[in-house]
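Chemist: sequence plus the predicted model coming up.
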Amino acid sequence: MAGPEVKVYYDGGYIDDVGRGRRNVNRADIYGGRADLLFTPGDALTIRLSGFAQDIKRDGSSFADYTFGGRPTDNALAQRRLIDEPFDQQFRLGSLSITYDLGGAAITSITSYQTVKTQRVLDYSAPYVPLLAFLGLPFGSVGLNLTPETRKFTNELRIASRGNGRIVVVANAGKARLYGGELTLIARPSREVTFSGAFAYAHARLAQDNADLGGRDGDRLPDVPAFTAAISGDYTAPSGSAFAPTFGATLRFVSDRSVSFDNSTSFPQYRLPDYTSVDLRAGAKIGPVDAQLYVRNLFDERGQLSGYTLLSTNGLTSGLPAQVSIMQPRTIGLSGSVKF
């Protein structure tokens with residue numbers, strides 16, 4: 001059984017470069033496709049061959065500039081740059097999955113090969129401007145051109161029992177401790193309606209002092225929220241419907257996080273506050289075409305997703321703003337895919 005699929009997206013952008021008077025510098029074109037071949041030679045054996053390709057072209061970065069007090073330097077969706085920061089990436093992935101059902105358990109072998117080619121420019125003007133000005137030297141734009149390329153081959157062997165629970169063990173050579181739990185709930189009051197909820201708690205802390213990281217025993221690990229939750233509801237018309245409409249909504253919550261350790265001299269600490277977002281969607285299937293109208297971030301939340309503070313180190317460059325990735329503002333769009 002074959003299932004090719006092609007998708008094309010256009011993101012109009014939402015970050016403005018106020019220093020140069022440019023709007024929506026992070027606008028992007030995203031296009032790609034995938035194909036799956038599924039073979040079932042017998043009741044116990046399943047073979048799946050998959051391929052995925054995606055290209056991303058973006059005019060500028062998606063970071064906004066924030067003070068370390070958590071306030072935007074200009075506005076919540078603004079940055080100041082002296083040069084363009086274009087980004088181009090080509091991602092390719094091929095995988096082969098073989099599953100054999102033993103009855104009480106299933107053995108799965110997954111082999112994959114992926115390549116990622118990236119071309120991007122980073123504006124390093126800002127960190128050096130204070131230094132050059134201090135030395136009384138002329139200064140202009142300074143750009144760093146990066147062209148990393150990665151190739152990765154992986155092979156995994158999984159053995160899964162028929163139990164409904166899951167045990168996850170995380171080890172880090174005794175330098176950190178992590179414990180928590182996950183809860184997933186699914187309810188189907190009818191064949192057309194599905195409700196689901198996924199909740200997680202993580203207690204992630206250093207288990208000993210680390211001078212290189214600037215962390216102390218008991219400090220929170222960066223970028224790990226203590227609580228996350230996602231609650232969804234979906235309606236799908238009966239399969240016999242010619243129009244086959246679908247409707248759904250999702251609420252997500254992520255608690256506050258830190259981007260570094262309090263005593264780090266390389267990455268100054270910055271706190272990311274918690275945020276909540278709501279998404280709506282409505283779709284229809286017309287022959288081989290799946291179309292969906294969506295509203296993302298319905299209440300236009302300015303959620304802070306991640307932060308980057310390497311360019312805000314101590315010394316002559318201290319005081320430079322943190323670069324914060326902001327959740328995409330309220331977006332209304334239409335997506336479509338074709339299977340043939």
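Modeler: All right, it came through fine. Numbering: from 1, shown residues only.
Chemist: next, count neighbours for the closest residue to residue 45 other than its chain neighbours.
Modeler: Leaving aside its sequence neighbours, residue 45 sits nearest to residue 100 (Cβ to Cβ, 6 or more residues apart in numbering; 5.6 Å). Quick note: C-beta positions are derived from backbone N, CA and C, even for glycine. The local packing of residue 100 (other Cβ atoms under 10 Å) involves 14 other residues.
Chemist: at the geometric centre of this structure, which residue sits there?
Modeler: residue 305 (8.7 Å; Cα atoms, centre = their mean).
Chemist: grab the nearest non-local neighbour of it.
Modeler: residue 325 (4.5 Å).
Chemist: that neighbour in helix, strand or coil?
Modeler: Applying DSSP: H, G, I helix; E, B strand; the rest coil to residue 325 yields a three-state assignment of strand.
Chemist: hmm, residue 91 is touching residue 54, no?
Modeler: Yes - using Cβ atoms under 8 Å as the test, residue 91 is close enough to residue 54 to be in contact (4.7 Å).
Chemist: anything in contact with each of these two?
Modeler: Both residue 91 and residue 54 are in contact with residue 32, where contact means Cβ atoms under 8 Å, 6 or more residues apart in numbering.
Chemist: from residue 31, how far out is residue 119?
Modeler: According to Cβ to Cβ, to the nearest Å, residue 119 stands 17 Å off from residue 31.
Chemist: likewise for residue 159?
Modeler: 38 Å.
Chemist: looking at those two, which is more packed in?
Modeler: Legend: neighbour count by other Cβ under 10 Å for residue 159 and residue 31, higher for residue 31 (14 against 9).
Chemist: what's across from the more buried one in the sheet?
Modeler: Residue 31 has these beta-bridge partners by DSSP bridges: residue 8, residue 55.
Chemist: report the buried residues of stretch 81-94.
Modeler: Within stretch 81-94, the residues scored as buried using 16 or more other Cβ atoms under 10 Å are 81-85, 87, 89-93.
Chemist: give me the contacts around it.
Modeler: Residues contacting stretch 81-94 (Cβ under 8 Å, 6+ apart): 17, 19-20, 25, 28, 32, 50-61, 112-123, 125-126, 140-143.
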